[in-house]
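Enquirer: Sequence unavailable; structure follows:
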């Protein structure tokens, strides 16, 4: 799978990989206009 760290998806900047499993990978991302971090 492609490493998404450092890329921007819509308005979310991918900061780091939190964890991955058999079905998905969870990333920590930052939304600058909301000034908050989210899990994607």
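Expert: Structure received. No experiment lies behind these values; they were computed from the predicted model shown.
Enquirer: where do the strands sit along the chain?
Expert: 8-9, 12-20, 25-31, 36-39 (DSSP state E).
Enquirer: looking at the ones you listed, which is buried most?
Expert: Comparing the strands of the chain by mean neighbour count (mean count of other CB atoms under 10 Å), strand 25-31 comes out on top with a mean of 16. Using the backbone N, CA and C atoms, a C-beta is placed for each residue, glycine as well.
Enquirer: Need the strands of the chain in CSV (columns: mean pLDDT and distance to residue 2).
Expert: What follows is these, written out as CSV (pLDDT from 0 to 100; distance: least, CB to CB, whole Å):
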stretch, mean pLDDT, distance to residue 2
strand 8-9, 96, 11
strand 12-20, 97, 11
strand 25-31, 97, 10
strand 36-39, 98, 18
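Enquirer: Residue 4: what's it in contact with?
Expert: 14, 27 (CB atoms under 8 Å, 6 or more residues apart in numbering).
Enquirer: Give the phi and psi angles for it, as a check.
Expert: phi -100, psi -10 (degrees, to the nearest 10).
Enquirer: Span of stretch 30-40 from start to end?
Expert: 10 Å (CA to CA, to the nearest Å).
Enquirer: who does residue 26 bridge with?
Expert: Beta bridges link residue 26 to residue 19 when assigned by DSSP bridges.
Enquirer: looking at it, it is touching residue 16, isn't it?
Expert: No. Between residue 26 and residue 16 there is no contact under CB atoms under 8 Å: 10.1 Å.
Enquirer: Leaving out sequence neighbours, find the closest residue to residue 18.
Expert: residue 26 (4.4 Å; CB to CB, 6 or more residues apart in numbering).
Enquirer: measure that neighbour to residue 20 for me?
Expert: 7 Å (CB to CB, to the nearest Å).
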